[in-house]
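> coords please:
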Amino acid sequence: MTAPVRFPRFFVTSPAPCPYLEGKTERKVFTELKGPHAEQLNEALGRIGFRRSQTVAYRPSCIDCQACVSVRVAAEAFEPSRTQARNLRRNSDLVVSECRPWATEEQFDLLQRYLGSRHPGGGMTAMDEMDFADMVEHTPVSSLMIEYREPADGLLPGRLVGACLTDRQSDGLSMVYSFYDPEHEARTGLGNYIILEHIRRAAETGLPYVYLGYWVDGSDRMQYKVRYRPLELLGRNGWRRLGEAEQDALIARAALAGPGRSLRERGAGKDGAQDQYRLPDEAADEAGDGAGLCRRDIGSAGGSGRTS
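Just a heads-up that it's a prediction; the model follows:
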């Protein structure tokens, strides 16, 4: 006798101001990742455009807009541009370590500096150490915290200048949330370096893709993602690799884009408010009604500080 299969149930968030596009509202569809098959579910949903945030998988489900497009880099075919090659050489002395998804005070301090510079006033700036620990450690899948440090000084580990919470999937690496020292006195392009290092890491381990989250056409601060080639976009007919001329045009347009700080200065988070995802209360669920709703706060990870 075959055991019954419980299919995931999906829910929709209330409309909220879009953190990417002026005058737009966003809505997300989401489900909880739990049980013995949480990892398989997360992978299956990831291939159709969902992102993970703690124990929830979500994707945009806006009524009148489809600007958010899932993107991934084909790691084995990636060839760095001259600028990207210089970045790799400039930061080649960094010591990169795969760590268990365990939050540290040093990581939290770096995150606070990053948010204060790049996302001032955003919802994540109110995170305390416990919130950060939840964001990092509450994972039902195979996750890593990858640290980027300067060379060691004697017996002491080097200065932490970057970190990325990453999910390892059977077909690639999914960059959940990255952050770095945005005002380092001697290093530039650390955020780009973290992406480049993930692409190289995936290729070296035989994983075909690096998932970068959503590219948002019309949002200046999401245009950096088109600079990694070959890039694949998820559309109605599945994943499609951009042609060379098509990606050249997007890169040229990205070079003309401004920094897009208006939404950032208003404090918009990359994934909207942290309390968007509300799950039915288990007791009400068993009773067969959805009247009892409980609020579950989850970190607005997902991507990439830069990858959502």
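
> any chance you could map the helices in the chain?
Assigned by DSSP state H, the helices in the chain fall at 38-46, 82-90, 105-118, 129-137, 190-204, 244-256, 261-265, 282-287.

> can you say which of those is nearest to residue 158?
Closest approach to residue 158 among these (C-beta to C-beta): helix 105-118, 11.3 Å. (Each C-beta comes from the backbone N, C-alpha and C, glycine too.)

> avg pLDDT for that closest one?
Regarding helix 105-118, the rounded mean pLDDT is 93.

> please apply the same query to stretch 248-260.
Rounded mean pLDDT across stretch 248-260 is 80.

> likewise stretch 36-43?
For stretch 36-43, mean pLDDT rounds to 94.

> and that stretch, what's buried?
Under the neighbour-count criterion of 16 or more other C-beta atoms under 10 Å, stretch 36-43 has 38, 39, 41, 42, 43 buried.

> could you give the number of residues near residue 128?
9 (other C-beta atoms under 10 Å).

> next one: the one 3 residues further on
Other residues within reach of residue 131 by the criterion other C-beta under 10 Å amount to 17.

> and it, how far from residue 57?
In this view, residue 131 and residue 57 are 20 Å apart by C-beta to C-beta, to the nearest Å.

> residue ranges with poor pLDDT in the stretch 51-200 of the chain?
121-123 (pLDDT under 70).

> now do 80
The stretch 51-200 of the chain contains residues with pLDDT under 80 at 119-123, 125-126.

> before we move on, the earlier item: which one of the helices of the chain lies closest to residue 167?
Using C-beta to C-beta, the helices of the chain put helix 38-46 closest to residue 167, at 7.3 Å.

> from the contact counts, what lies against that closest one?
If contacts are counted by 3 or more C-beta pairs under 8 Å, 6 or more residues apart in numbering; DSSP states H and E, helix 38-46 sits against strand 56-60, strand 160-169.

> which residues touch residue 125?
112, 115, 116, 119, 267 (C-beta atoms under 8 Å, 6 or more residues apart in numbering).

> from the residues you listed, which would you call buried?
So, by 16+ other C-beta under 10 Å, the buried ones in these are 112, 115, 119.

> tell me the most buried of the helices of the chain?
Of the helices of the chain, the one with the most neighbours on average (mean count of other C-beta atoms under 10 Å) is helix 190-204, at a mean of 21.

> can I get that helix in PDB? Just the C-alpha atoms.
In PDB, the C-alpha atoms belonging to helix 190-204 read as follows (Å, rounded to 0.1, in the frame of the first residue of the first chain):
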ATOM      1  CA  LEU A 190      33.500  42.700  -3.300                       C
ATOM      2  CA  GLY A 191      29.800  42.000  -4.100                       C
ATOM      3  CA  ASN A 192      30.700  41.200  -7.600                       C
ATOM      4  CA  TYR A 193      33.600  39.100  -6.500                       C
ATOM      5  CA  ILE A 194      31.300  37.000  -4.300                       C
ATOM      6  CA  ILE A 195      29.200  36.200  -7.400                       C
ATOM      7  CA  LEU A 196      32.300  35.400  -9.500                       C
ATOM      8  CA  GLU A 197      33.700  33.100  -6.800                       C
ATOM      9  CA  HIS A 198      30.400  31.300  -6.700                       C
ATOM     10  CA  ILE A 199      30.400  30.800 -10.500                       C
ATOM     11  CA  ARG A 200      34.000  29.400 -10.300                       C
ATOM     12  CA  ARG A 201      33.100  27.200  -7.300                       C
ATOM     13  CA  ALA A 202      30.100  25.700  -9.200                       C
ATOM     14  CA  ALA A 203      32.100  25.100 -12.300                       C
ATOM     15  CA  GLU A 204      34.900  23.400 -10.400                       C
END
